[in-house]
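1. Below are the sequence and a predicted model for it; my questions follow.
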Amino acid sequence: MKISNGVNQILILNPPFILRHSLSLKWKLSLKIFWILLFVSVISLLVLYIFQVSSLTGENYLLKNQERKLTEIKKEKEILEINFSKANSLANIENYFQNQNFEKANQVKYIQILESSVVAK
């Protein structure tokens with residue numbers, strides 16, 4: 001095909017029909033592969049996202065559970081410390097001595113050592 005435009009002349013060659021058809025077929029095939037890969041990528045990323053959110057939720061639940069147990073153990077520790085200090089009080093020691101058949105001394109006698117009586121050399 002020849003187009004004449006005054007001074008300039010342009011020669012246009014149309015490619016054969018088979019060549020145009022094969023290019024469009026390759027283009028369509030490439031586009032189809034692109035959409036398939038895009039769809040597979042989106043689905044796989046969505047599955048990965050769901051898995052990660054599920055895992056994160058499970059870990060968060062376990063963390064809260066462990067924090068609750070830690071708080072309970074701290075409260076129990078405080079109670080045990082109070083009970084331990086009560087058990088070691090003087091009143092309980094006196095009860096222990098009474099239960100072990102110790103007798104209270106009526107009169108305490110001290111031994112007096114004179115300063116002049118020092119151990120002999």
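-> Sure thing, it's come through.

2. For this structure, which residues score under the pLDDT cut-off?
-> Residue ranges of the chain with pLDDT under 70: 1-23, 116-121.

3. run the last query once more with 50
-> The model of the chain has pLDDT under 50 over residues 2.

4. Which parts of it are strands?
-> Listed in chain order, the strands of the chain (DSSP state E) span 2-5, 8-11.

5. Run a quick neighbour tally on Leu62.
-> 10 (other Cβ atoms under 10 Å). C-betas here are computed from N, CA, C, even on glycine.

6. how close does it sit to Leu70?
-> 12 Å (Cβ to Cβ, to the nearest Å).

7. Now for these two: what residues contact both?
-> Between them, Leu62 and Leu70 have no joint contacts when contacts are counted by Cβ atoms under 8 Å, 6 or more residues apart in numbering.

8. Where do the helices of the protein begin and end?
-> Applying DSSP state H to the chain gives helices spanning 17-87, 90-99.

9. Same list, the ones you listed, but as CSV with distance to Asn106 please.
-> Below are the helices of the chain laid out as CSV (distance: least, Cβ to Cβ, whole Å):
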stretch, distance to Asn106
helix 17-87, 29
helix 90-99, 15
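
10. Nearest to Gln107 among those helices would be which one?
-> With Cβ to Cβ as the criterion, Gln107 lies closest to helix 90-99 of the helices of the chain, at 18.2 Å.

11. can you tell me how far Lys74 sits from Ile33?
-> When Lys74 is compared with Ile33 (using Cβ to Cβ), they lie 61 Å apart.

12. Check Leu90 too.
-> On the measure of Cβ to Cβ, Leu90 and Ile33 end up 89 Å apart.
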